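**Q** Quick one: sequence plus predicted model below, questions after.
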Amino acid sequence: MRRSIMQALLLLSVFALGGCHPGIASSPTPTTTAPPTAQPFSTATPAPGALAVSNPALASQLAFAFIQANDVWISLHGVPPQQVTHLGLGTQQLSWFLLWSPDQTKLFVDPINPASGAALAEAWIISLLGNTVQSLPSSAPVIASCADHDCAWLEDRYLVHQDESRLGAHASYFRVYDTQAQRDLSTSLDDQHATRMQVRGASVYFTPYALAPTSMPGTIKRFDFSSNQLTTQFTVPGPLVDEGIPSGSWNLSTDARAVVEHFSVGISAHCPLTACFTFYQDTRGTIAVIFPSYQSHTGSGPALFDEALIAPDGKNTASLMSGPANGYQVVQQALPSGKELLTALPAASAGQAYQIVGWTAQPPGILVQQLPTGAGVPPPTTSIYFVPLGEPGAAQLVETIGAGLVICAPPTA
């Protein structure tokens, strides 16, 4: 499964990274005494790691986690960060993989040796609601799989991860790991050869892998964890796998009844132009081109810089335009065929770019985060900006974090 830019850059980090999430401010206590057991405690605000809030109303909806000196620090709702673990990993240089659960009460913590790229055979799950730190057994397959290939929470108990015993060049098999029983489960998902994967609610959605010709429409399948059943959620207007190579991407709304799609091959159906690459689709049968002004793939016209994302409620879509040379802009559109609106972002500092990280409900808007490009030393700070939904107003600074590599999981709109 392809990592997002943000997740890939996380693995370049040595001492600073994070994730924004609305959670509960508490300091966990350990549930096991087996070494190396995390022994959380609260201390004063770290430096670096300080937080400068510019918009308290928006900052109160966010939180983030980062690593400092090989321990986890969390800031909730705009308050100063607190240290929540004491992992006893010393001063060795490590990279990290952090992943928040969808209900934003648990954090999967997976350290990685940057020299070898291998996980350290130890990982933890921090529970903010339960005030616990759970140490996973060294044999847990998610330790290596999540570090190498990414993974996703299924509800607040399970992790969907790639089966490392069946890795392929262009597709993977996925397993469901039970963090309480501490083992992989046997499910109907096990034997599904797939490319892209997303989790929504209690279901896993994926692109089936096949050596399909270019003209073959792709499908998005649904694995319902509750019933252990497989069904087709969408048949899309273009190929998602082209001659054995993944050739499309998609992003689902929270209820999975709406999706935005991007195809590597131009599609003429449902397209008012010669070829279109980005579409909206829903389970009612609507198919519409999105961002019609930005369909150029020739380099001679305006084009989207990043994949299109859909709002949790399925009513809006957004993407990034341009890049470092010409400045970054957010383009948004009400679905299925609203007006395109552009919002310029502040000039990115050297070594930084932008990524859309999610949506807010009140006020309605889009959250955009600075992130390192991976070239050179990460910048010392990360800023989060807010773009109003449905209007071309200027981007507003929400907060600046004293860490150069921060991963955000904003509140669900």
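**A** The structure has been received and is ready for your questions.
**Q** Output the below-cut-off pLDDT ranges for this protein.
**A** The model of the chain has pLDDT under 70 over residues 1-48, 211-215, 296-302, 323-326, 374-378, 409-413.
**Q** Which residues does the helix ranked longest in the chain contact?
**A** Ranked by residue count and defined by DSSP state H, the top helix of the chain is helix 141-149. With C-beta atoms under 8 Å, 6 or more residues apart in numbering as the test, helix 141-149 has contacts from 1, 3, 11, 97, 99, 108, 110, 112, 117-123, 136, 151, 159, 161-164, 167, 172, 175, 177, 184. (Each C-beta comes from the backbone N, C-alpha and C, glycine too.)
**Q** Among those, which ones are in strands?
**A** 97, 99, 108, 110, 112, 151, 159, 161-162, 175, 177, 184 (DSSP state E).
**Q** What is the nearest of those to residue 132?
**A** residue 108 (13.3 Å; C-beta to C-beta).
**Q** which of the ones in strands among the contacts of helix 141-149 count as buried?
**A** 97, 99, 108, 110, 112, 151, 159, 161-162, 175, 177, 184 (16 or more other C-beta atoms under 10 Å).
**Q** would you turn those into JSON lines with distance to residue 401?
**A** As requested, these are exported to JSON lines (distance: C-beta to C-beta, whole Å):
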{"residue": "97", "distance to residue 401": "19"}
{"residue": "99", "distance to residue 401": "19"}
{"residue": "108", "distance to residue 401": "21"}
{"residue": "110", "distance to residue 401": "21"}
{"residue": "112", "distance to residue 401": "22"}
{"residue": "151", "distance to residue 401": "25"}
{"residue": "159", "distance to residue 401": "26"}
{"residue": "161", "distance to residue 401": "28"}
{"residue": "162", "distance to residue 401": "30"}
{"residue": "175", "distance to residue 401": "34"}
{"residue": "177", "distance to residue 401": "31"}
{"residue": "184", "distance to residue 401": "36"}
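**Q** can you name the two of those residues that are farthest apart?
**A** Pairwise over those, using C-beta to C-beta, the maximum falls at 112 and 184, 21.0 Å.
**Q** Next, count neighbours for the residue nearest to residue 200 when sequence neighbours are not counted.
**A** Leaving aside its sequence neighbours, residue 200 sits nearest to residue 256 (C-beta to C-beta, 6 or more residues apart in numbering; 4.6 Å). A total of 19 residues lie near residue 256 under the criterion other C-beta atoms under 10 Å.
**Q** contacting residues for residue 256?
**A** With C-beta under 8 Å, 6+ apart, residue 256 has these contacts: 200-201, 203, 205, 222, 233.
**Q** Across the sheet, point out what pairs with the nearest residue to residue 271 once chain neighbours are set aside.
**A** Spatial nearest neighbour of residue 271, excluding adjacent residues (C-beta to C-beta, 6+ apart): residue 289 at 5.6 Å. Residue 289 has these beta-bridge partners by DSSP bridges: residue 279.
**Q** Just give me the neighbour total for residue 289.
**A** The burial count for residue 289: 19, using other C-beta under 10 Å.
**Q** Residue 171 versus that one, what's the distance?
**A** Counting by C-beta to C-beta, to the nearest Å, the separation of residue 289 from residue 171 is 28 Å.
**Q** where along the chain do the helices fall?
**A** 5-10, 56-59, 141-149.
**Q** For the closest residue to residue 199 other than its chain neighbours, give its distance to residue 101.
**A** Spatially, and ignoring its direct neighbours in sequence, residue 199 is nearest to residue 152 (4.5 Å; C-beta to C-beta, 6+ apart). Shown here: residue 152 relative to residue 101, a distance of 10 Å by C-beta to C-beta.
**Q** Compare neighbour counts for those two and give me the winner.
**A** More crowded of residue 152 and residue 101, by other C-beta under 10 Å: residue 101, with 25 against 19.
**Q** ok, that one - contacts?
**A** 107-108, 153, 155-156.
**Q** from the residues you listed, which would you call buried?
**A** The buried subset of the contacts of residue 101 - by 16+ other C-beta under 10 Å - is 107-108, 153.
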